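Engineer: just the structure for this:
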Amino acid sequence: FRSPYQCSTDFRLKWLKEDFLPYLTHWETTVMLREGYFSSAAQRKMLLSKETLLGLKITVSSFLELVPILFEIPGVTAFLSEKLCQDPLEKFFGCQRQRGRVNENPNAQAFCKNTQALRVVNSCMGAVRGNCRGSTTSRMFDTKENEPLPKRRHARSKTNSLFKINIMFGCICNFSSKG
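Structural biologist: Here you go, the predicted model:
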């Protein structure tokens with residue numbers, strides 16, 4: 001399952017559509033129609049959360065629609081699904097929330113104003129905790145994301161070198177005076 005998709009008729013796409021999505025629906029139905037009395041709290045413990053189930057269904061359905069479109073692009077012969085990542089999008093909206101501060105429901109004008117401010121000032125740091133992968137940079141709109149940071153050379157201080165010489169000299173003198 002880790003090999004790249006080679007065409008839009010890949011068996012894994014068929015499995016997602018014909019087996020996995022119906023399984024999720026069947027699981028939900030089975031729990032809801034289970035014999036015996038189960039409280040709604042007990043039923044929720046038997047399932048993934050509604051949000052997670054819906055997220056899985058939307059993600060898989062979107063993926064099933066995306067792959068055939070990708071293979072229609074000239075030159076696309078393989079596709080690695082692990083390269084799909086929404087972390088930059090989540091980071092962007094996290095920065096929007098940081099920029100909006102107490103305004104939890106911004107209108108389109110406030111959103112555009114925040115976006116422009118983020119571009120100009122580059123004032124957003126990524127979330128310290130969250131479900132996004134780390135980045136090589138800490139700023140939102142940094143264009144040098146894949147370049148390594150320059151190496152910093154450490155200058156040797158004279159006092160540190162002299163201290164080491166004195167210790168070595170002291171050890172040699174003590175050794176020779178004992179002999």
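Engineer: which residues of the chain score low on pLDDT?
Structural biologist: 1, 102, 122-150, 152-179 (pLDDT under 70).
Engineer: kindly recompute the last result at 80.
Structural biologist: Using pLDDT under 80 as the threshold, the predicted model of the chain has low-confidence ranges 1-2, 86, 99-104, 120-179.
Engineer: show me the longest helix that occurs in it.
Structural biologist: For the chain, the helix reaching the highest residue count under DSSP state H is reported as helix 50-72.
Engineer: can you give me the buried ones in that helix?
Structural biologist: 60, 64, 67, 71 (16 or more other Cβ atoms under 10 Å). Where C-beta positions appear, they are placed from N, C-alpha and C, glycine not excepted.
Engineer: wait, the second one sits on K17?
Structural biologist: Pointing back at L64 there. Yes - using Cβ atoms under 8 Å as the test, L64 is close enough to K17 to be in contact (5.7 Å).
Engineer: can you name the residues bridging to the residue nearest to S81 when sequence neighbours are not counted?
Structural biologist: Distances taken as Cβ to Cβ, 6 or more residues apart in numbering place Y5 nearest to S81, at 6.7 Å, with adjacent residues excluded. Beta-bridge pairing for Y5 (DSSP bridges): F79.
Engineer: so which of the buried residues of helix 50-72 is the closest to Q43?
Structural biologist: Of all the buried residues of helix 50-72, the one sitting nearest Q43 is V60; the distance, using Cβ to Cβ, is 23.1 Å.
Engineer: and the helices in this structure, which stretches?
Structural biologist: 11-15, 21-32, 40-46, 50-72, 87-100, 108-121, 158-178.
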